[in-house]
Every structure is written in C-alpha cells, then in structure tokens.
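Undergrad: this one's sequence-less:
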C-alpha cells in the first residue's frame, strides 16, 4: 500500500465536509474559516515510541492519547478546538495498527467536533506528531503568566495514576490486583483533556497550565512566568482511591511529580470561588483547592501538619530522565 | 542540557515580540491574531533521516529545507505565511547541529517574516516535523481542484536539478566536475519556496500545486481533482544549463519525475497570459508555459516532434520507492 492509498484508507473519512473547514485533506493546505473576533491558538506535540509510549500500548489508546495531549494544551489556554494535523512516521504499513490508531484518534476528535485537516505519512521509526488549532475571543486566552499573588491554586480531576502505572512498568511498585493495574494503566494511556473546563474558566481564572511533566515542574512554569511563589498543600492533592491505598511516599511521588496527568492547574482570585465551582459543575469536571500563589518567591510544599516537605521530586525532562 | 534549556538556547529569540503574535513560544499554546476577512491555511510535513535527507547534509541547509518544503505548500495555495511550529526528535543534544539547524531555519523564516510560535523537542531517532499556518482572503486559495479545460499549464523556475543530485548520490549519474555536483546538490538541499509567486497568482491562476513528488505525479493530483486530462510538452520543461548538458533520457527523468523541486505548477486561462507574466515579473520568478489542461482524461507527454513519449517515470512514493 502506497502513501496516498494509506491516507485515503485510514485517514480520509466518508462523512460530508466538516463545518468551518472549506478544504480538508487532499490539497497542499487545508483551509479553515475564521470566526470574527477570535484569535488562533496553536500547539504541537511529538510522541516517540519508548519515550512517550510503550510498544505494548493498544493502537486505539495510542490514537486517543496522541490527540488528547494536544487537546490538553488547548484546554489549558481556554481555547475551543477547531482542527488538527497528523504527521506519522512508521517502519512499515501495519494495517491493524493503523485501523486501531485511527479508531481511537477519530473517537476523541468526534467527541470534540474537531476535524483532521491534513497530514503527512512516511516510512521511518515510529513517530507521531500532531498539531492542534483552536480559537478563543481576542485577549481571553488563559496564560501561564497571568497568576496574581493571593490567587487560589486549583487542580482538576485527580493526579498521579499515570505515574503509578509507570512505576509498575518500571518494577518499582506493585499493585494488589490486575484490576488495579488496569485502572492505573488506563489513566496513563487514556487521559481526558479538560477542554470544557478550560473554556468555562475563561474570564475567571488568572492563569492555567496542563500537567504533562508533573505538578511541581508545571506549576514552576507558572511561578516563573508570573514572577511569583506558591504554597502547596501536599495532602490536599486529589488522588484516586487506588492511589490513596498506596504507601504515602509513593502517593507523594505520583501526585507531585506524576507527569502524563493532563489535568489543569489554574489560579483564580479568592473572590471567584463560587464562579470556579460553577465552571467546574458546568463542565462536569471536579476541581480541588490545593494552595495559593504568593509574592514570596519559591515553591513551599507543606504536609498535613504544616511542615515543609524536605525534598521534592524533580519534573520529568525528556533529555534528563 | 535539558529540554527547556535547549528550547531556550536555540529556538527562543531575543528579538521583540513578533507582530501579530501576542503569545509566542513558552506557553501551552501560541496565540496568533487573525486578520479580518482572511481564512487560515495549514500544512504539515515530516522529514526523516535517510528518507527525506541524507545524514551528510549540512545542518544549516536542513533547517532551511525543513521550513522551505512547508512554505512551498502555502505558496501552492497562494497564502501569506504567518507562523510555524517545530517538533524535533534527536538521539542526543548535538549543539553544533542545533546551532546550524536554527541558523538555516531562522534565515528563511526571517526572509518571509514568519514566526516560530511553538514546538516540542524530545529524545528519539532524528525526525523533524514542521506545521505552517498562513492566511488568504476568504475564497481565494488556489486549489488542485480549480483547473479548467483549455487552461494553459505553467511551471515556475526550473525542474530536475534535485533529482540529478539524487542520481549522483545513488551512483547512477556522474557529473563533469565538483562544481556541477555542488550546483545540483544545492538545488536538492536549498529549495526556494515560491511564496511571492503563489500570492501574486491569486485571482489569476485556476489551480496550483507544488512539485514535491515529481511533475508527473503532482500534476496527476491536479488532473484527478479537477477531473481533467492534459498534454505536456516534454521539451519545453525548463531546466538548468547544468541539466541541459546531461543525456536526454536523464533530462527527461529529472524534469518529469524529479521530486524535491518545490516549483509551482499552475493553470490559468489563455486570456490571462499577460496577467501571468506580470505576476511572474512582480514576484521575480520566471514561469514557463509547458502544456494545456484538456477535457480528455489522461496525461499525454509529447516530445519536440509531437510524438507521445512511450513511458513515463512513476511519481515518488514514500512507501514504494
């Protein structure tokens, strides 16, 4: 099967033209209609086998995750997803892999009403690069730099299950049952991008970021860009019942330095507590108050007794760990 | 050097904020201002070592080419380039490579006033994925599907030097001197995207495509999408003085099935000949009349005596050749 047949078979859909996309796959460029008053938001993520996913992952989950991690970036900025491109390098044409990958990819795309508008396929080591485009009313994008001293700090959903799965794969943690492992593995392989929450927080949150490299590291980006410090209450960090059954040190590692959580960490003024909870309810996404932004530089992580935790796990770095 | 240091050192620029890009590198998404009345055009290309470039290519040229092939897609649609993202997978942090790559990349970006607005870097086999975004007035994008029977067919610049270099690398062609080889190699490694010509042809050309997989194959896409046939005059295909000195069979192979030319093939009504020449002159890009679109299906390639050439080289396919 050649490149063009492959694109046609797996990535060109029989459905009618997508609304707002006058020209989709099949020309030199896609053409996307702009909505008056909106700015464009763009993000790109590249996934490499053995680095971002294991060779054992189900193709359907990989298709889901490749798009999910990109949608999570749009969510963190409060953007409405519009379109995405997919570039795929594969050692050979594996039809079973491609069918599963496309199924997972399009299921998530359809859930968000977002169109695959272009791409590229080539022979080479397995590599998946997706670029997403979205839009938000001019000047309303949530940014890392918008934090203000005194802001409440929140996180969506729960943290740490993806890291827990990674520790099991690494052999440094053991879970009580296969069901427990499947729960953790599902968190790692099938993250939920918080797209509705991000949009609901526009005009309410001062700053936001998605947790892809671990809470401490990602929050650090907000602090640096906002020129602030923070206090984080380690024991308030939301975690699944599964993670809550693990040893405390493992819970702390997973919640503080998890990575692959794809939850939103955001800050909002204390006067907006009701608005934050309304946004959470409207988007069907739980949020938890986990600390506060402060003028004093540095990140202070406190335990339940108000004691500063002596050491904090480092953020994940693709060229370091 | 970690991922964040690497991005900061090589891909974050000291210059002031780019106009029209309120948020560039450093947040979850870039934010790009939209121009009222414009549609968005998007394209993505992935380059893999050994497939799209040789390991011996100078990093500066690779940086140039990775962006050039993407700009060429915008050119083929008549779009004005606005912004691009870069995702880069590398086996290790090679500072000399990165410095050269960034130099070539930004030199071309600056020449077109286009901003690098985001990206991703990761460890893995060498892989470069760029996504470009541009804009054009609503409804004016040049498409493969717009060809009309009776249209003149044109190509910009010259064809075949890149393929000539490939044949030398493959050992199937020998050039008279090292200078000749450098000329051909430069065509392969440093293509010029015809961005100004593409924009000048809006409202004049009926259809356009860029030649990335070889003239015959790419023209075939136009014929299929426009539901037309064509006659092509093989001996009129523009070629460099270097290629014109090679055996006729090699000239035909290189001009008809070159690939990596990144010239524009476009069609325009015969009544627009003066307008086409004016667009070529205004953009400083030579164009040559090479044939005609016809209602009769199929592609007829004629030699100087009007005889149909018996066989035509196949288009390049990344999963076939």
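TA: Now that the structure is in, tell me what you want to look at. Small disclaimer: the values here were computed from a predicted structure and weren't measured.
Undergrad: quick one: contacts for the residue positioned nearest the centre of chain A?
TA: The C-alpha lying nearest the average C-alpha coordinate of chain A belongs to residue A:262 (CA atoms, centre = their mean; 3.1 Å). Residues near residue A:262 by CB atoms under 8 Å, 6 or more residues apart in numbering or on different chains: A:68, A:69, A:72, A:191, A:192, A:193, A:194, A:210, A:211, A:212. In this view, the C-beta of every residue, glycine as well, is placed from N, C-alpha and C.
Undergrad: do residue A:153 as well
TA: Residue A:153 neighbours (CB under 8 Å, 6+ apart): A:219, A:230, A:232, A:265, A:266, A:267, A:289, A:290, A:291, A:292, A:293.
Undergrad: Tally up the residues packed near the closest residue to it other than its chain neighbours, please.
TA: Once flanking residues are discounted, residue A:153 sits nearest to residue A:291: 4.2 Å by CB to CB, 6 or more residues apart in numbering or on different chains. Residue A:291 has 24 neighbours, counted by other CB atoms under 10 Å in any protein chain shown.
Undergrad: quick one on the thing from earlier: please narrow the contacts of residue A:153 to those residing in helices.
TA: Judged by DSSP state H, the subset of the contacts of residue A:153 located in helices is residue A:219.
Undergrad: Going by neighbour count, which residues in stretch A:199-219 are buried?
TA: A:199-202, A:204-219 (16 or more other CB atoms under 10 Å in any protein chain shown).
Undergrad: for it, the distance to its chain's centre please.
TA: 10 Å (CA atoms, centre = their mean, to the nearest Å).
Undergrad: Would you mind checking the average pLDDT for that stretch?
TA: Stretch A:199-219 shows a mean pLDDT of 96 in the predicted model.
Undergrad: Same list (the contacts of residue A:262) but as CSV, adding distance to residue A:241 and secondary structure.
TA: Below are these laid out as CSV (distance: CB to CB, whole Å; DSSP: H, G, I helix; E, B strand; the rest coil):
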residue, distance to residue A:241, secondary structure
A:68, 23, helix
A:69, 25, helix
A:72, 24, helix
A:191, 18, coil
A:192, 17, coil
A:193, 23, coil
A:194, 20, coil
A:210, 23, strand
A:211, 20, coil
A:212, 24, coil
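Undergrad: Of those, which ones also sit close to chain B?
TA: A:72, A:210 (CB under 8 Å from any CB of the partner chain).
Undergrad: Lowest-confidence one in the contacts of residue A:262?
TA: residue A:212 (93).
Undergrad: how close does that residue sit to residue A:262?
TA: 6 Å (CB to CB, to the nearest Å).
Undergrad: Now for those two: what residues contact both?
TA: With CB under 8 Å, 6+ apart, residue A:212 and residue A:262 have common neighbours A:69, A:72.
Undergrad: Name the nearest residue to residue A:309, ignoring sequence neighbours.
TA: residue A:301 (4.6 Å).
Undergrad: Check residue A:129 too.
TA: residue B:129 (3.8 Å).
Undergrad: Can you give the distance of the helix or strand containing that neighbour from its chain's centre?
TA: Using DSSP states H and E, residue B:129 sits in strand B:127-137. Strand B:127-137 sits 12 Å away from the centroid of its parent chain (CA atoms, centre = their mean).
Undergrad: Which elements pack onto that strand?
TA: strand A:38-48, strand A:80-90, strand A:127-137, strand B:38-48, helix B:59-77, strand B:80-90 (3 or more CB pairs under 8 Å, 6 or more residues apart in numbering or on different chains; DSSP states H and E).
Undergrad: Neighbouring strands - and their directions - for the second one?
TA: The one in question is strand A:80-90. Using DSSP bridges, strand A:80-90 pairs in its sheet with strand A:115-123 (parallel), strand A:127-137 (antiparallel).
Undergrad: Quick check: which of those strands has the most neighbours on average?
TA: strand A:127-137 (a mean of 26; mean count of other CB atoms under 10 Å in any protein chain shown).
Undergrad: just the angle between the helix or strand just after it and helix A:59-76, please?
TA: Following strand A:127-137 in sequence order, the next helix or strand is strand A:152-156 (DSSP H and E). Inter-element angle recorded for strand A:152-156 and helix A:59-76: 160 degrees (by axes from the mean of the first three to the mean of the last three CA atoms, to 10 degrees).
Undergrad: Tell me which residues of the helix or strand that strand A:152-156 is followed by come out buried.
TA: Next along the chain after strand A:152-156, taking DSSP H and E as the criterion, comes helix A:161-170. For helix A:161-170, a neighbour-count test (16+ other CB under 10 Å) marks A:161, A:162, A:163, A:164, A:165, A:166, A:167, A:168 as buried.
Undergrad: And for stretch A:27-42?
TA: In stretch A:27-42, counting by 16+ other CB under 10 Å, buried: A:27, A:28, A:29, A:30, A:31, A:32, A:34, A:38, A:39, A:40, A:41, A:42.
Undergrad: Show me where the stretch 51-200 of chain A dips below the pLDDT cut-off.
TA: Low-confidence segments of the stretch 51-200 of chain A (pLDDT under 70): none present.
Undergrad: Point out where the stretch 201-321 of chain A drops to low pLDDT.
TA: A:311-321.
Undergrad: how about the helices in it?
TA: Shown for the stretch 201-321 of chain A, the helices assigned by DSSP state H, counting those that start in this stretch span residues A:215-226, A:241-244, A:248-256, A:273-282.
Undergrad: right, so of those helices, which gets closest to residue B:83?
TA: helix A:215-226 (20.3 Å; CB to CB).
Undergrad: Quick check: residues of the stretch 151-300 of chain A near chain B?
TA: A:208, A:209, A:210, A:225.
Undergrad: pretty sure the first one contacts residue A:201?
TA: Pointing back at residue A:208 there. Yes. Counting by CB atoms under 8 Å, residue A:208 does reach residue A:201; the two are 6.5 Å apart.
Undergrad: Would you mind listing the residues touching both of these two?
TA: A:78, A:142, A:264, A:266.
Undergrad: Who wins on neighbours among the residues you listed?
TA: Neighbour max across the shared contacts of residue A:208 and residue A:201 (other CB under 10 Å) = residue A:266, 31 neighbours.
Undergrad: can you pull the contacts of that residue?
TA: A:142, A:153, A:154, A:155, A:201, A:205, A:206, A:207, A:208, A:209.
Undergrad: now, among these, which is nearest to chain B?
TA: residue A:209 (6.1 Å; CB to the nearest CB).
Undergrad: What is the neighbour count of residue A:151?
TA: 25.
Undergrad: bridging residues for the residue nearest to it when sequence neighbours are not counted?
TA: Nearest residue to residue A:151 in three dimensions, chain neighbours excluded: residue A:267, at 3.6 Å (CB to CB, 6+ apart). Residue A:267 forms beta bridges with residue A:153, residue A:207, as assigned by DSSP bridges.
Undergrad: between the shared contacts of residue A:208 and residue A:201, which is closest to chain B?
TA: Among these, and counting by CB to the nearest CB, the member closest to chain B is residue A:142, at 8.4 Å.
Undergrad: Touching, the closest one and residue A:198? I think so.
TA: Yes. Residue A:142 lies in contact with residue A:198 (CB under 8 Å); the separation is 6.8 Å.
Undergrad: and for the two, which residues touch both?
TA: A:76, A:77, A:78, A:208.
Undergrad: Next one: the second one from residue B:102, what distance?
TA: Going back to what we said before, that points to residue A:77. Residue A:77 is 26 Å from residue B:102, by CB to CB.
Undergrad: more neighbours, the two?
TA: The neighbour comparison of residue A:77 against residue B:102 (other CB under 10 Å) goes to residue A:77, with 29 against 20.
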